[in-house]
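In: here is a sequence together with a model predicted from it:
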Amino acid sequence: MKIDLANPAWQQTLPPARSLATDAPVAACAFNRDGTTVAFALGDGQVRLLPADIKTPPPEAAAPLHKGVVLSLVGDPTSDGFVSGGDDGRVLRIAADGTATELLAQKGKWIEHLVAHKTGAVAASAGKAMFLFRDGEVREFGPHPSTVAGLDFSKDGSRVACAHYGGITVWSLSKDVALPPRRFAWQGSHVALRWSTDGKFIATGTQENDIHVWRVAQATDMRMQGYPAKVKSLSWTADARFLYTSSQPVFTAWPFSGKGPEGKPPLQFGDEGAGLMTVVAAHPVEGFVAGGYDSGELQLGDIRTRRSVVLKMADGAAITCLAWSPDGFKLAVGNDRGDLLTVDLRR
Amino acid sequence: MATSQTSAQVPVTVLTGYLGAGKTTLLNRILSEQHGKKYAVIVNEFGELGVDNDLVVNADEEVFEMNNGCICCTVRGDLIRIIEGLMKRKDKFDGILVETTGLADPGPVAQTFFTDDDVKARTRLDAIVTVIDAKHFFGQLEQGSEAEQQVAFADVILLNKTDLVSAEELRKVEDRIRGINRYARIFHTQKSQVELDAILDKGAFDLGRILEFEPDFLHSGHDHHHEDEVRSLSITADRPVDPDRFQKWMGALLQIKGGDIFRSKGILAIDGAPRRYVYQGVHMMMDSAWGTPWKEGETRSSKLVFIGRNLDGDNLQRGFEECLK
């Protein structure tokens, strides 16, 4: 990917983008498996499917698929469509043409978190339970000590970790060998979770504005403090050398290569003054990272050069979600005002 | 730290009360009456409400201890999540009603609004409304500390089912309520019938409206009670307050007695300050701000109010006097 942030073009002008205004806050966004379609989960029940190519005219809005808010959304690992979850308690598989089939209905529960794995599995949180969708089957795991507030697959897709009050629980998904779940305890409420891209670490954000990280094999743990707000967005780099965290004015990356981050400060770079970072998303291939702010500003950083450029100016609408296309050339962005932004980095 | 109030903050009314006191009846009324307003309702028992409304959210009360070394600092984790989720809706609403279970301690709900920054940014705690079954109140006091706590935390009390008791019984119940919490407003009701503006949008936690809300606020004094009973008392002073000494004293007091102090509030005449200093707290959590300016020639008196258990009025009075110039 030939993006050189030192190039004056990046410093002086914004990259090409398509912005579509709606009137419902955006809760989540995602690209499909082959990167041809981008989807946005909205606060009025709609899942808007748009061509990833920003020059192709977007289709008219379709009828809402969920009753209420679409809270979660991922690309479907088994098709060119998506999987969505709502506060109506339903998980839907959405085909590329927009037609939906119901995978789960849990009346009274909210489907707040969805994750997908390239082996074809999808996991959803529904209250205190975790549901796994794989090979046409639905399996329930739990109950956990409290509502599941974050979940993620292991690198190979054989396990799922769930965050809750008092720590995290790691479930082995094998149907052949029934292993008991592993509980990693840490006091307090864990509100976000990401498993490292090399499978070795699990990171959570806590109610007390800390980061907690466990070494999965050794079951040892570490805590990083000093954030002014809850860290609800965590993102591991593709090479697992860094963990990016939101809730700082600049890009903040904890080093996990070598001996790990203990006793070291995080790497920080980027332009201050845009507010507090609400969402961070490491590039799927290279050393880039995207950060969205509560002011609406969007920055692209490069950890190799510690440079950053502005991709979108502040406009007062907090950025709520970011997603990279699988090839890392496009970036989907949603905010709390309802703007659906797709940025094309091939300028 | 000022809690500045903006119109963007959605008011939240907490509805407590023992099992069977009439909370669900009240909620059903609020949801079905034509008042032109839209409320999101967070309930514990789905299906109990007769009204079909997609803004009714089912919650399991998830009381979380904050991992910050403060024993009595508990919050409602479910509430934090649900408020965040409700704010993602396209359709906005005028307020949120939170119904607690009959045996709930109102502390964690209230503390959530002092503790969580996201909740504070989007909502403001408006008032705690407690529904009381006039017929069964004394029996419920015997069964544990919950009924007493629910009265202690209340800004507004609906003394309900008054048709099921005699005038004499009603007077006794009301006296007992006043003994616990003399600062709440009491409404006598049957079948939870009350004007909605008596319970909604009260601004009871609004620092700018502390004086406005307290009918007895300028009436000082404390009576003798059994030590372990929950009661309310106030302390006044006409000499100016030394801010450093007050902060030290109040900090130490809440550190030691925070678990026993359910609600506290106060207006202080700080030495040399042109404005009132107002604060309000739940257990160890506290918000404060500069209030309205003192008028020319106005008596600059300070007043503190405590509602709690094991309150030693003389000791509190002495402690406060040592903070005066």
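Out: Cool, the structure landed.

In: C-alpha from now on. contacts and neighbour counts both.
Out: OK.

In: what's A:Gly291 in contact with, if anything?
Out: With contact taken as C-alpha atoms under 8 Å, 6 or more residues apart in numbering or on different chains, A:Gly291 is in contact with A:Ser246, A:Phe251, A:Met277, A:Thr278, A:Val279, A:Val280, A:Ala281, A:Leu298, A:Gln299, A:Leu300, A:Gly301.

In: neighbour-wise, give me the winner out of the residues you listed.
Out: A:Val280 (30 neighbours; other C-alpha atoms under 10 Å in any protein chain shown).

In: skipping its backbone neighbours, what lies nearest that residue in space?
Out: Closest residue in space to A:Val280, ignoring its immediate chain neighbours: A:Gly291 at 4.4 Å, by C-alpha to C-alpha, 6 or more residues apart in numbering or on different chains.

In: got it, and A:Ala219?
Out: That would be A:Phe184: by C-alpha to C-alpha, 6+ apart, it lies 7.2 Å from A:Ala219.

In: and for B:Pro240?
Out: B:Asp271 (4.8 Å).

In: next, count neighbours for that neighbour.
Out: 14.

In: cool, and the one 4 residues further on?
Out: A count of neighbours around B:Arg275, defined by other C-alpha under 10 Å, yields 17.

In: quick one: contacts for it?
Out: B:Arg275 touches B:Ala269, B:Trp290, B:Gly291, B:Thr292, B:Pro293, B:Trp294, counting by C-alpha under 8 Å, 6+ apart.

In: helix/strand/coil for the third one?
Out: Remark: B:Gly291 carries the secondary structure label strand [criterion: DSSP: H, G, I helix; E, B strand; the rest coil].

In: from what I can see it touches B:Tyr277, true?
Out: Yes: counting by C-alpha atoms under 8 Å, B:Tyr277 is a contact partner of B:Gly291 at 5.5 Å.

In: hmm, back to that, quick one: contacts for the residue nearest to A:Ala219?
Out: The contact partners of A:Phe184, taken as C-alpha under 8 Å, 6+ apart, are A:Gly167, A:Ile168, A:Thr169, A:Val170, A:Trp214, A:Ala219.

In: packing partners for the helix or strand the fifth one falls within?
Out: So that's A:Trp214. Secondary structure assignment for A:Trp214, by DSSP states H and E: strand A:211-215. Counting by 3 or more C-alpha pairs under 8 Å, 6 or more residues apart in numbering or on different chains; DSSP states H and E, the packing neighbours recorded for strand A:211-215 are strand A:201-206, strand A:220-224.

In: name every strand pairing with it and say which way it goes.
Out: strand A:201-206 (antiparallel), strand A:220-224 (antiparallel) (DSSP bridges).

In: contact partners for A:Leu311?
Out: Per C-alpha under 8 Å, 6+ apart, neighbours of A:Leu311: A:Leu14, A:Pro15, A:Glu297, A:Leu298, A:Gln299, A:Leu300, A:Val343.

In: if I look at it, how far off is A:Leu341?
Out: 11 Å (C-alpha to C-alpha, to the nearest Å).

In: how deep is the residue in the stretch 51-200 of chain A that chain B sits nearest to tucked in, by neighbour count?
Out: With C-alpha to the nearest C-alpha, the shortest gap between the stretch 51-200 of chain A and chain B falls at A:Gly188, namely 4.9 Å. Counted with other C-alpha under 10 Å, residues neighbouring A:Gly188 total 18.

In: tell me which element it is part of?
Out: A:Gly188 belongs to strand A:182-195, assigned by DSSP H and E.

In: and that strand, what's buried?
Out: A:Phe184, A:Trp186, A:Gly188, A:Ser189, A:His190, A:Val191, A:Ala192, A:Leu193, A:Arg194, A:Trp195 (16 or more other C-alpha atoms under 10 Å in any protein chain shown).

In: how about A:Thr220, what does it touch?
Out: Counting by C-alpha under 8 Å, 6+ apart, A:Thr220 has contacts A:Trp214.

In: who does it form a beta bridge with?
Out: A:Arg215.

In: interface residues of chain B facing chain A?
Out: Residues of chain B lying close to chain A by C-alpha under 8 Å from any C-alpha of the partner chain are B:46, B:54, B:57-58, B:62, B:64-68, B:77-78, B:85, B:88-91, B:117.

In: of the residues you listed, select the buried ones using a PyMOL command.
Out: Buried residues within the residues of chain B next to chain A, by 16+ other C-alpha under 10 Å, are selected in PyMOL with:
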select buried, chain B and resi 57+58+62+64+65+66+67+77+78+85+88+89+90
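
In: just the residues of chain B next to chain A: which are in strands?
Out: B:Val57, B:Asn58, B:Phe64, B:Glu65 (DSSP state E).

In: which one of those residues is nearest to B:Lys325?
Out: Distances from B:Lys325 to those, taken as C-alpha to C-alpha, are shortest for B:Glu65 (38.7 Å).

In: correct me, but the closest one touches B:Cys73?
Out: Yes: at 6.1 Å, B:Glu65 counts as touching B:Cys73 under the criterion of C-alpha under 8 Å.

In: residues from chain A in reach of chain B?
Out: Counting by C-alpha under 8 Å from any C-alpha, chain A sits next to chain B at A:23-27, A:42-44, A:68-69, A:71, A:108-109, A:146-147, A:165, A:187-189, A:207-208, A:229, A:336.
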